[in-house]
Each structure stands twice: as structure tokens, then as C-alpha cells.
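*Asks:* Fold the following, please.
(2 chains)
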There are 2 protein chains.
Amino acid sequence: MIHRPGEAVQDHYPEGFAHCYGCGHLNEHGHQIRTFRDGHDTVARFVPQAYHLALPGFVYGGLVASLIDCHGIGTAADAALRAAGREIGDGPTPRYVTAALHVNYLRPTPIGVELELRGHVKHASERKTIVEVTVTAAGVVTAQGEVVAVPMPATMLTDP
Amino acid sequence: MIHRPGEAVQDHYPEGFAHCYGCGHLNEHGHQIRTFRDGHDTVARFVPQAYHLALPGFVYGGLVASLIDCHGIGTAADAALRAAGREIGDGPTPRYVTAALHVNYLRPTPIGVELELRGHVKHASERKTIVEVTVTAAGVVTAQGEVVAVPMPATMLTDP
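*Replies:* Numbers count the residues shown, from 1 in each chain, chains lettered A, B, ... in the order given. Got it, this is the predicted structure:
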């Protein structure tokens, strides 16, 4: 299959594992975060809803953490594709889960603007992938995160 | 005002600051997490919706992070009340925000059961409060978190 630039990592999660509240394209209630390649790194964009607030004017930190989480996992999956010389969409995207999540809230994230998340792989091995994610709002970095991603363990395979 | 045992820390956030997506009692779209005193510590309980999944059978990690975040912030606010010899509800609850959030996902959190969050204050000063939070599902600890909470800065006061 030829890679189409508009395709996201999460578009090709296997159907049984594409219901994540953060990034599953089959979860109609969820955020449907989409991770795209951008040079050596990745990018995702998201516009919070008006009710995703912490205090008036500012985005809820739990949402910021969720965006970092799923974009980090998507970036780890993309790193596995790249390591195998694969393109997004030339087969199912490998599925990773979060072992640890760290978020530093540098300043309040304003609500009402598009957020840009950039992912950068800091470490990749068969055992785990560590991804750094920055969150930018209106040109200002408001949060930095780190996601420790591991391949989905067989113990998470349940009967549908 | 006499403390009623059934009252939560968040029930007494000032009206202008009670719309948090995670714990504001005035946010009809949000999680409405409620933090109660339990001895020296705090407890909150939450039942995820069926669509709050990561993979089939397991709770979305971003939701787990969100619960830890808001219960940690509620616990920090309660610590400030206790330090002042105050009871929940004898006036407005002081408002804290998250400076940093760390979550270790120890094992998958099963969906379909009530989650119990326990908060414990590890460090408290005027500048910051550090709260440890454990998440238990069906008697098993599935995640541990740490929230660095700071008093809401004046820069977060916006005109309504």
C-alpha cells in the first residue's frame, strides 16, 4: 500500500484495538487524537471543547495529560514502523501501552485555540520506547511530557 | 457551618472556579470527582463509563491520570484546610492547580468496576504540596501517581 501523507498512525490500529478513548478512530465518544509524521518527529493537533476547562480561560490538565499520553503512544508505534522500514498504512500499526506518564505544566494552557503536540523519540529498544512531547498553544509551549511506552502485553488480549 | 461527613472538598470550590472538567460540580460534561477525608488521608471513588477504555476490558490511561490529577489537587486543598484547623465546608475550599503529574501504570486497570483513589500528603509548604495517589480496582493497586500542587496563581484569574 502506498503511504498517503494525510494518514495518521492511529488510522491503522487493528480494528479490535481502535477504541481507545484518547485516540481510537472507532470511539465516537473519545478525543480521536491523530499522530502524523513530521520529518524525524511527529505532530498532532487538537482543539479542546469549551467544557474542557480547569479554571475559566484555561484547558483542563487531565486533558493535556491525555493528549500527551496518546500522542506519545502513537509516536512510539510510529518509531516501531520506521525501525522496520515501514510506512504508515502499509499494514496494521503495532499497538503500544503506557508504562509511565510524566507531565510538567509550565504555564496555563489557554482554551479556545488549537493545541499542537510534537513528539520526539528519546530512546527506543525492543523493551520500551521513551517519547518526549511538547504542547504548544498560540506559539507558546505550555506543557512538556514524557511517555514510557511498551508493546502491548499479551495479558491485555481479552476475548471480545 | 458544621461539617457534614458526606461533603467533598470540591463541593465548596468558589462558584467561579467550580467548572473543572475533572472535578467541578458545575461542569455537567465532566467527571465530577469528589474527594473526601478518610482519617489522615483522602479517598475518592469513580466508575468509568464503558467508553472510557484503552483496549477492550481496560480503562483508558488518560482517565486514570485525570482522576489522579483532580484527587491530588483536592487532597492538596484539603491539606490547606487542615493546616488552618478548618473543616470541609466551613467556607470556600482554597483552589490549587497542577505543576507536575507523574503516573506509573503498574498493571492494566479493569473496566466495569469502581475505582478507589487514595490520597496521601507527602510534603506540604506554602509554596507547594506533593500528594501521592494510589488507584485500586477490585482490591488490586493498578496505578500510582504523584501530583505537585501549587496555590492557584493570580495570573489565572480572568474576567468571567
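
*Asks:* For the closest residue in space to residue A:155 that isn't next to it in sequence, list the residues it contacts.
*Replies:* Nearest residue to residue A:155, sequence neighbours excluded (Cβ to Cβ, 6 or more residues apart in numbering or on different chains): residue B:108, at 7.1 Å. Where C-beta positions appear, they are placed from N, C-alpha and C, glycine not excepted. Going by Cβ atoms under 8 Å, 6 or more residues apart in numbering or on different chains, residue B:108 touches A:97, A:155, A:156, B:54, B:55, B:57, B:58, B:59, B:142.

*Asks:* try 7 Å this time
*Replies:* Residues near residue B:108 by Cβ atoms under 7 Å, 6 or more residues apart in numbering or on different chains: A:156, B:58, B:142.

*Asks:* who wins for neighbours among those residues?
*Replies:* In terms of neighbours by other Cβ atoms under 10 Å in any protein chain shown, the contacts of residue B:108 top out with residue B:58 at 24 neighbours.

*Asks:* What ranges does chain A have for its strands?
*Replies:* In chain A, the strands defined using DSSP state E lie at A:36-38, A:41-46, A:96-105, A:115-124, A:129-137, A:140-151.

*Asks:* which stretch among these comes nearest chain B?
*Replies:* Proximity to chain B (Cβ to the nearest Cβ) singles out strand A:96-105 among the strands of chain A, at 4.6 Å.

*Asks:* Pull the residues that contact that closest one.
*Replies:* Under Cβ under 7 Å, 6+ apart, the answer for strand A:96-105 is A:61, A:64-65, A:68-69, A:73, A:76-77, A:128-129, A:143-152, A:156, B:54, B:61, B:65, B:98-105.

*Asks:* PyMOL command to pick out the buried ones of the residues you listed?
*Replies:* For the buried members of the contacts of strand A:96-105, the matching PyMOL selection, counting by 16 or more other Cβ atoms under 10 Å in any protein chain shown, is:
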select buried, (chain A and resi 61+64+65+68+69+73+76+77+129+143+144+145+146+147+148+149+150+151+152+156) or (chain B and resi 54+61+65+98+99+100+101+102+103+105)
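
*Asks:* Dihedrals phi and psi, the nearest residue to residue A:114 once chain neighbours are set aside?
*Replies:* Ranked by Cβ to Cβ, 6+ apart and with sequence neighbours excluded, the top spatial neighbour of residue A:114 is residue A:47, at 5.0 Å. Backbone torsions of residue A:47, given as degrees, to the nearest 10, read phi -110, psi 110.

*Asks:* Identify the bridge partners of residue A:105.
*Replies:* Applying DSSP bridges to residue A:105 gives these bridge partners: residue A:143.

*Asks:* So for it, what pLDDT did the model give?
*Replies:* Note on residue A:105: pLDDT of 98.
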